[in-house]
Structures are given as C-alpha cells and as structure tokens.
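J.: sharing a model that was predicted from the sequence below.
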Amino acid sequence: MNFSDFIKDNGKRISKEHYLHLIQVSRADGKIKPEELDLLHKEGRKFGLTEPEIDKLIESEASHYDPPYALQEKFDHLYNIAEMILADDTVSEGERKLLKRFAIEAGFSDKTIAKLIELLLSGIKKGEDEDTLLQRFRKEILFQD
C-alpha cells in the first residue's frame, strides 16, 4: 500500500504526513492516552489501513509540518489536530502550544491565531463540523483582522 495519500470516506485527501502530525499531537503531553489511541485507529481505518500498519505509523514520529496552500485545507488540518487534542477531553498547555505552532507554520497571522484556536476548540466541543467553523472563521475572524 502506498502511504503517500489516503482518502477519507467523505472524499477529502489526507497525507501520511498529516496523519503523522495527528500522532505527534496525541503525544504532546508525553504519552498517547487510550482515547487518543482509539481516535488514531479510527482515523487510520478510514484510510483503509490495517491495525499493524496503524501501529507502525504510531511508532514513527513526524519531525516537521508541511502545510497545504489553500485556506480550506489548512483549516481542515488544524481542525483534525484540535479534534485529536480534545479526544481525551483535556487540553494541556503543551497541546495548546503545539496547535499554535501548527497554525503559525500554516501561515495564519499572529492576530488571528488565538481566536482561531478558541474557535476550533470550543466549536469541536459543541459538535460543530469543519465547514461550519470555517465559515464562522472567515466571517468573524479572518475578514475583521
């Protein structure tokens, strides 16, 4: 199986690198908790990975973040990362810093990052989907700053 690209059930493409970033986020507080491990396996199965393939990827580590160019894709990556952070219902300072780092590397401005992080974390807690939060981000944050 070629790990360079995976396809989500909803048709969105996701790269191996992005999946490895989800793993990195799950490790931000020092270890992968059972809730985070369950989410990693769930996401991996969506991409058609077997349990041994998922376990092998979890053992590896992504060293850098190569964000996509388009706003929608950048936002989707950050949404998935925030979702991983919230898998155990606890947001550590290390996880928050890691989300901020990914937002910086994705090219979001310093003025919008704090608002973006709060939008993602609070929206996901409320069960809002990526598209809804992206529209709110564009309307309430991006075009105001």
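T.: All right, it came through fine.

J.: could you find the closest non-adjacent residue to the residue nearest in space to the middle of the chain?
T.: What sits nearest the mean C-alpha location of the chain, by CA atoms, centre = their mean, is Ile81, with 1.9 Å. Of all residues not flanking Ile81 in the chain, Val25 sits nearest, at 5.1 Å (CB to CB, 6 or more residues apart in numbering). Placement of C-beta: from N, CA and C, glycine included.

J.: which helix or strand contains the one you found?
T.: Taking DSSP states H and E as the criterion, Val25 maps to helix 16-26.

J.: what packs against that helix?
T.: Using 3 or more CB pairs under 8 Å, 6 or more residues apart in numbering; DSSP states H and E as the contact criterion, the neighbours of helix 16-26 among helices and strands are strand 5-7, helix 34-46, helix 51-59, helix 71-85, helix 93-105.

J.: so which bits of stretch 101-119 are buried?
T.: When neighbours are counted by 16 or more other CB atoms under 10 Å, the buried residues of stretch 101-119 are found to be Phe102, Ala103, Ala106, Phe108, Thr112, Ile113, Lys115, Leu116, Ile117, Leu119.

J.: what's the burial count for the residue nearest to the third one when sequence neighbours are not counted?
T.: Nearest in space to Ala106, with sequence neighbours left out and distances taken as CB to CB, 6+ apart, is Pro67 at 4.0 Å. If you count neighbours by other CB atoms under 10 Å, Pro67 ends up with 19.

J.: can you pull the contacts of Pro67?
T.: The neighbourhood of Pro67, defined by CB atoms under 8 Å, 6 or more residues apart in numbering, consists of Glu73, Lys74, His77, Phe102, Glu105, Ala106, Gly107.

J.: could I get the helices and strands packed on helix 16-26 as JSON lines with distance to Glu130 and mean pLDDT?
T.: Output for the helices and strands packed on helix 16-26, formatted as JSON lines (distance: least, CB to CB, whole Å; pLDDT from 0 to 100):
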{"stretch": "strand 5-7", "distance to Glu130": "16", "mean pLDDT": "47"}
{"stretch": "helix 34-46", "distance to Glu130": "14", "mean pLDDT": "85"}
{"stretch": "helix 51-59", "distance to Glu130": "22", "mean pLDDT": "84"}
{"stretch": "helix 71-85", "distance to Glu130": "5", "mean pLDDT": "90"}
{"stretch": "helix 93-105", "distance to Glu130": "15", "mean pLDDT": "87"}
